[in-house]
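A structural model of the following input is requested.
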Amino acid sequence: MILPDFVRRDVALDHLNTFALSARANWFVDVTKSAQLVALTRTPDWRKLRRFVLGGGSNLLLTGDFDGLVLHVCISGRDLIAEEADAWIVRAGAGENWYEFVRWTLDQGWLGLENLSLIPGTVGAAPIQNISAYGLEIAERFQHLEALDLATAEMVIFDRAACQFGYRDSVFKRAAAGRYLISAVTFRLPKRWQPITRYADVTRELEALGITHPTATDVSDAVIAIRRRKLPDPARIGNAGSFFKNPVVDAEGFGRFIARYPDAPYYPQPDGTIKLAAGWLIERCGWKGQDLGPAGVYEQQALVLVNRGGARGDDVLRLAQTIQDSVQTMFAVALEPEPVVL
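As a prediction, this is how the structure comes out:
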């Protein structure tokens with residue numbers, strides 16, 4: 001196999017996934033600039049390699065060694081590239097830490113991302129997952145992204161429509177999966193800012209602090225406090241945050257569900273469907289705080305699966321499938337995992 005000198009052999013991925021699962025990559029490169037990728041695509045052996053694009057590793061479940069090339073996105077940089085009458089236009093390299101980028105925008109007075117504070121991962125991963133939390137989706141602040149087509153070595157611009165955003169979803173998880181490496185993302189942050197505090201947890205947190213007219217930083221601080229109480233620090237216990245999506249059901253299915261479980265939390269959607277709380281479903285099945293071998297369900301949040309120590313990807317998958325079966329049996333509701341399984 002003939003590849004450029006900046007490509008490394010046999011690299012451990014243990015520290016590059018927040019589940020802290022052991023795995024190795026046969027080939028590996030830290031991508032700091034697009035020129036590296038262009039050089040790679042011109043090598044004779046490029047098309048022979050399986051490829052995987054890795055960001056912060058916070059939405060990833062490794063099930064074993066990877067016998068191809070891992071492209072670890074480390075492209076940095078963040079700038080205000082334009083100011084319009086009603087918005088700030090801000091661009092960031094795909095390898096920037098998401099949480100640090102959010103706090104940086106707030107420090108500059110460019111508001112609008114505060115509800116997405118403390119979400120792990122990188123800027124480049126945010127549109128892939130269409131990350132969302134506490135009433136805000138990244139799609140609502142998105143302008144466009146720049147990506148390298150790994151098949152043609154051409155740079156492509158994706159606007160919001162081209163990304164085909166859905167709930168925790170985008171074209172990069174479907175038709176375009178594995179084809180593109182996102183190098184930068186540009187956001188449109190509104191000058192006419194209004195706080196989004198409709199989620200009960202955020203409202204309660206602000207009320208407890210005696211804040212009635214919150215600033216964007218107040219909202220960010222509230223979200224950070226909530227997330228730190230509910231979610232484990234990956235530095236202490238391996239996890240990938242919320243493991244399952246909140247299931248969405250139609251009106252008919254919701255009617256049957258709520259008739260049997262009138263105390264269940266739910267969130268009506270603009271299209272008439274209803275989003276249920278996956279954590280509530282899992283907890284009602286008795287899984288909160290329970291283990292299955294070295295993998296378990298976090299004591300403070302039933303949506304989070306954790307590595308108790310020494311777990312492998314298959315252990316986590318077995319636990320996830322068992323939980324899915326339990327929820328399907330009790331509630332006739334299907335749970336869909338969020339992490340990418342490699």
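
By mean pLDDT, point me to the weakest helix or strand of the protein.
Every helix and strand in the chain was compared by mean pLDDT, DSSP states H and E; the lowest is helix 34-41, with a mean of 87.

For that helix, name the packing helices and strands.
Counting contacts by 3 or more CB pairs under 8 Å, 6 or more residues apart in numbering; DSSP states H and E, helix 34-41 packs against strand 24-31, strand 142-149. C-beta: built from backbone N, CA, C; applies to glycine.

now these in a markdown table, with mean neighbour count, mean pLDDT and distance to T215?
A markdown table is the format used below for the helices and strands packed on helix 34-41 (neighbours: other CB atoms under 10 Å; pLDDT from 0 to 100; distance: least, CB to CB, whole Å):
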| stretch | mean neighbour count | mean pLDDT | distance to T215 |
| --- | --- | --- | --- |
| strand 24-31 | 20 | 96 | 37 |
| strand 142-149 | 21 | 96 | 23 |
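
I'd like to know how far D10 sits from S22.
Distance, D10 to S22, using CB to CB, to the nearest Å: 13 Å.

okay, these two: which has more neighbours?
Taking neighbours as other CB atoms under 10 Å, D10 and S22 compare with S22 leading, 16 against 10.

K275 sits in which helix or strand?
strand 274-276 (DSSP states H and E).

Parallel or antiparallel, which strands does that strand pair with?
strand 248-249 (antiparallel), strand 266-268 (antiparallel) (DSSP bridges).

Next SSE downstream of it?
helix 278-284.

So which elements touch that next one?
Helix 278-284 packs on helix 313-331, going by 3+ CB pairs under 8 Å, 6+ apart.

what's in contact with whichever helix or strand comes after the helix it packs on?
Using DSSP H and E, the helix or strand that follows helix 313-331 in sequence is strand 340-341. Applying CB atoms under 8 Å, 6 or more residues apart in numbering, the set of residues contacting strand 340-341 from outside is N59, L60, L61, T63, G313, L317.

and strand 340-341, how far from the chain's centre?
12 Å (CA atoms, centre = their mean, to the nearest Å).

K191: which of the contacts of strand 340-341 is nearest?
Lowest distance from K191 to those (CB to CB) belongs to N59, with 31.4 Å.

and that closest one, what does it touch?
Contacts of N59 (CB under 8 Å, 6+ apart): G121, A125, Q129, A240, G241, E338, P339, V340.
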